[in-house]
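Colleague: this is a predicted model, with the sequence first.
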Amino acid sequence: MQSLLNEILDEVRPLIGQGKVANYIPALGGVKPNQLGIAVYSNDGELYHAGDAGTLFSIQSISKVFSLVQAIGHTGEDIWQRLGHEPSGQPFNSLVQLEFERGRPRNPFINAGALVICDINQSRFAAPSLSMRDFVRRLCSNPKIVSDAMVAESEYQHRSRNAAAAYLMKSFDNFHGDVEAVLRSYFHHCALSMSCIDLAKAFSFLAHEGFCVHSGEQILTPRQTTQLNSIMATSGLYDEAGNFAYRVGLPGKSGVGGGIVAVVPGQFSVCVWSPELNAAGNSLVGMAALEKLSARINWSVF
Ligand code: GLU
């Protein structure tokens, strides 16, 4: 595995330069584009990594999985009264579908859906940002994980589109909390700084029938775990989920910070990071690396 990871990074490194670092959040625009890391964590607790796997980056939409897990944990199936689990086929921050569908987001991984999930969590936790941070720390047994206050503030200053989605949902009575407070929590989650190694470990419970070896907690039931993995497989990569299924064939979740996590059920969790994005907002080099890895080991769940 170790030599395979080194080989794959060497093969995909020439693609650096073809994508674009996200700059619609100004604090992300300054990230050095030529970084590339990968980490693979096995269900037996073996860790393999290559490149910049220990470098911290902004997890962005990958945090939507953690929020969803927290919401399923305290509210269970009832969350689906507020949103769906269908792919959207639309960009992550689109408002068009939300208006047509009367404020009910298609799934928890587009921004509108993640905001509804944060709204649900906001009503359950006294300090939602801290509870999320502590949850993530437990999942990967790294007590040093923090949210980058500058990134969170930069997102808040440029919140128009997310605020529009939240207020639109409020107009349809599908948003109950204070919009600005929920946005603050949402950006705080997105601004968590983690490395490929942290994320590969944090996602290992999804490869392990919901059991987290680091904290000893059963985070989700085995059934909830397969359901969550299925939502990642159908909606985890914005409007490119089909392409990811075709090329990689694993449940996955990406973020505009350039990270992509993927789960090989029963075996591994993986995180790859390279900040340059393709037109759909997914890490261009990261996708290529995961495609090669999945093909070489025959990992596709399909
Ligand atoms: N915080 C970002 C936003 O709301 C997350 C986008 C993403 O990673 O997809 O625009």
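Modeller: Sure, I can see it.
Colleague: where in the stretch 151-300 of the chain is pLDDT low?
Modeller: Of all residues in the stretch 151-300 of the chain, none has pLDDT under 70.
Colleague: mind listing the helices in it by residue range?
Modeller: In the stretch 151-300 of the chain, the helices defined using DSSP state H, counting those that start in this stretch lie at 160-171, 179-190, 196-202, 222-235, 241-247, 284-297.
Colleague: would you turn these into CSV with mean neighbour count and distance to Asn142?
Modeller: For glycine as for every other residue, the C-beta is placed from the backbone atoms N, C-alpha and C. What follows is the helices of the stretch 151-300 of the chain, written out as CSV (neighbours: other C-beta atoms under 10 Å; distance: least, C-beta to C-beta, whole Å):
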stretch, mean neighbour count, distance to Asn142
helix 160-171, 17, 28
helix 179-190, 22, 16
helix 196-202, 27, 5
helix 222-235, 19, 22
helix 241-247, 18, 27
helix 284-297, 22, 21
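Colleague: those: which one's closest to the ligand?
Modeller: helix 179-190 (3.7 Å; C-beta to the nearest ligand atom).
Colleague: just to revisit the earlier point, tell me which of the helices of the stretch 151-300 of the chain sits nearest to Leu9.
Modeller: Smallest distance to Leu9 across the helices of the stretch 151-300 of the chain (C-beta to C-beta): 6.7 Å, for helix 284-297.
Colleague: now for the residue of the chain most remote from its centre: which residues touch it?
Modeller: Farthest-out residue of the chain from its mean C-alpha position, per C-alpha atoms, centre = their mean: Ser171, at 27.5 Å. Shown in contact with Ser171 (C-beta atoms under 8 Å, 6 or more residues apart in numbering): Gly103.
Colleague: identify the bridge partners of Ser193.
Modeller: Ser58 (DSSP bridges).
Colleague: please name the nearest non-neighbouring residue to the residue sitting nearest the centre point of the chain.
Modeller: Nearest residue to the geometric centre of the chain (C-alpha atoms, centre = their mean): Ile62, 1.4 Å. The spatially closest residue to Ile62, leaving aside those adjacent along the chain, is Gly255, at 4.3 Å (C-beta to C-beta, 6 or more residues apart in numbering).
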